[in-house]
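Enquirer: Take a look and give me a structure for this.
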Amino acid sequence: MFRPLITATVVACAFTASFTAAAQQPAADYPNKAIRMVIPFPPGGGTDILARVVANKLTEVTKWTVVPENKAGAGGTIGITDAAKSAPTGYDMVMGQKDNLVLGPYLYKNLPWDPVRDLTPVAHVAYTPVVIATSVNSPYKTVADVIAAAKADPGKITYGSPGNGTSIHIAGVLLEKAASVQLTHVPYKGSNPALMDALAGNVDLLVSSVPSAIAQIKAGKLRALAVTSAKRSTSLPDVPTLAESGIKGFDVSTWYGLFMPAGTPAAIVSKVNAEVNQLLTMPEIRDAILAQGAEPQAMSVANFDKMFKADFKASKQLVEDSGAKIQ
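Expert: Numbering: from 1, shown residues only. Alright, predicted model coming up:
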């Protein structure tokens, strides 16, 4: 009499167990092939350097195969588009940053993705202030020198940035507003081309992430005038902040982190987060990140997600306050 009920119960339990096992399977055997890490800027810039530090160490420590791939253009939004439109299997991720993920959507019309809807935060890696620098052959020794020259001849002083819509571009615009001066923005397709032109004297100033410029600063080829954070950079302790240079209350920095397409299984996201956070505890990785001018900072998936969404919400007002134009 009870056999059909028992049989149905057994089948139901077996189905549930099978479904649970299938749901857990993506993380259990992940990864079983190469993972692509999109870098949305050209080789040699801050994002590229940090991404390769993480990709190479993940490959070494976990024995995963993590393959960096540069896809540059449009302030990083081309590479983000590539990653956001990939299948949510855990085999495509992108080294995103505040620039292209929380500022870019307010500066570029008709982006084919929404950062909150189409991407999943996976692991926060580091944060860094912006540095304002000039060629060592430049006549400008301090921020005060730049401001005085800009007031004397509005628009004459040029500054290079990695592109429109980056936090570095916004930092330059906010500097103009805070100092009540007019500078001329020269956007490049990434940090390295801007750096090369600054070294050659083709632009008067370089506005850059610290990781992109620190090697040339330490080599004595670039003169760092100020950093844009509220406190001095650990990697450039002798360089004053803009607040110390007379522009009170100025605080602009950026962050770097790994993202995957929305819908990537939570178990895979958690697994990658745990591995990256473990890397950030290793002295050689921390030293490598600090040597590039960034500050390593691990976060849980939940905390990174919370910070990301709060920054995205706040950035609308930041872009409006900066007066930056929609592209």
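Enquirer: going forward, measure contacts between C-alpha atoms and count neighbours the same way
Expert: Noted.
Enquirer: Going along the chain, name the strands of the stretch 151-300 of the chain.
Expert: Using DSSP state E, counting those that start in this stretch, the strands of the stretch 151-300 of the chain run over 158-161, 184-187, 205-209, 222-227, 253-261, 295-296.
Enquirer: Of those strands, which is nearest Y127?
Expert: strand 253-261 (4.0 Å; C-alpha to C-alpha).
Enquirer: Mind listing residues that contact the closest one?
Expert: 47, 83-88, 90, 92-99, 118-130, 167, 209, 228-229, 269 (C-alpha atoms under 8 Å, 6 or more residues apart in numbering).
Enquirer: So which of these belong to strands?
Expert: 92-97, 119-130, 209 (DSSP state E).
Enquirer: just for the stretch 151-300 of the chain, where's the confidence low?
Expert: Within the stretch 151-300 of the chain, the stretches with pLDDT under 70 are 165.
Enquirer: er, the stretch 1-150 of the chain I mean
Expert: Checking the stretch 1-150 of the chain against pLDDT under 70 turns up 1-26.
Enquirer: how about the helices in it?
Expert: Along the stretch 1-150 of the chain, counting by DSSP state H, counting those that start in this stretch, helices occupy 3-28, 46-62, 77-84, 98, 104-107, 115-118, 143-152.
Enquirer: Start and end of stretch 72-87, how far apart?
Expert: 20 Å (C-alpha to C-alpha, to the nearest Å).
Enquirer: Buried residues in it, which are they?
Expert: 72-85 (16 or more other C-alpha atoms under 10 Å).
Enquirer: Hmm, L183 is touching G160, no?
Expert: No - the criterion here is C-alpha atoms under 8 Å, and L183 misses it with G160 at 10.5 Å.
Enquirer: more neighbours, the two?
Expert: G160 (28 against 24; other C-alpha atoms under 10 Å).
Enquirer: Does the more buried one have any beta-bridge partners, and if so which?
Expert: Per DSSP bridges, residues listed as beta-bridge partners of G160: V186, L206.
Enquirer: What distance do you get for it to G172?
Expert: 9 Å.
Enquirer: shared neighbours of these two, anything?
Expert: Shared contacts of G160 and G172, counting by C-alpha under 8 Å, 6+ apart, come down to 185, 207.
Enquirer: Show the contacting residues for the most centrally placed residue in the chain.
Expert: Taking C-alpha atoms, centre = their mean, the centroid of the chain lies closest to Q97, which sits 2.2 Å from it. Going by C-alpha under 8 Å, 6+ apart, Q97 touches 254-257.
Enquirer: Pick the one among those residues closest to T264.
Expert: Nearest member of these to T264, counting by C-alpha to C-alpha, is G257, at 16.1 Å.
Enquirer: Pull the number of nearby residues for the closest one.
Expert: Counted with other C-alpha under 10 Å, G257 comes out at 24.
Enquirer: So for it, what's the nearest residue that isn't a sequence neighbour?
Expert: H124 (4.2 Å; C-alpha to C-alpha, 6 or more residues apart in numbering).
Enquirer: number of nearby residues for the one you found?
Expert: 29.
Enquirer: ok, the closest residue to Q297 other than its chain neighbours - contacts?
Expert: Closest residue to Q297 apart from its sequence neighbours, by C-alpha to C-alpha, 6+ apart: A126 at 5.0 Å. Counting by C-alpha under 8 Å, 6+ apart, A126 touches 255-257, 289, 294-298.
Enquirer: out of these, who has the most neighbours?
Expert: Counting by other C-alpha under 10 Å, top hit in the contacts of A126: A294 with 29 neighbours.
Enquirer: who are the neighbours in contact with that residue?
Expert: Going by C-alpha under 8 Å, 6+ apart, the list of residues near A294 reads 126-129, 210-211, 235.
Enquirer: And stretch 51-69, what's buried?
Expert: 51-52, 54-55, 57-58, 64-66, 68-69.
Enquirer: Would you format these as JSON lines with distance to E284 included?
Expert: Shown next, in JSON lines, are the buried residues of stretch 51-69 (distance: C-alpha to C-alpha, whole Å):
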{"residue": "A51", "distance to E284": "15"}
{"residue": "R52", "distance to E284": "14"}
{"residue": "V54", "distance to E284": "11"}
{"residue": "A55", "distance to E284": "14"}
{"residue": "K57", "distance to E284": "10"}
{"residue": "L58", "distance to E284": "13"}
{"residue": "W64", "distance to E284": "19"}
{"residue": "T65", "distance to E284": "20"}
{"residue": "V66", "distance to E284": "19"}
{"residue": "P68", "distance to E284": "20"}
{"residue": "E69", "distance to E284": "23"}
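Enquirer: Let me know the closest of those to F250.
Expert: Looking across the buried residues of stretch 51-69 and measuring by C-alpha to C-alpha, the closest to F250 is A51, at 28.0 Å.
Enquirer: Distance-wise, check R286 relative to Y159.
Expert: As judged by C-alpha to C-alpha, R286 and Y159 stand 31 Å apart.
Enquirer: Neighbour count: those two, which is higher?
Expert: Y159 (25 against 18).
Enquirer: From N70, how far out is that one?
Expert: Relative to N70, and taking C-alpha to C-alpha, Y159 is found at 25 Å.
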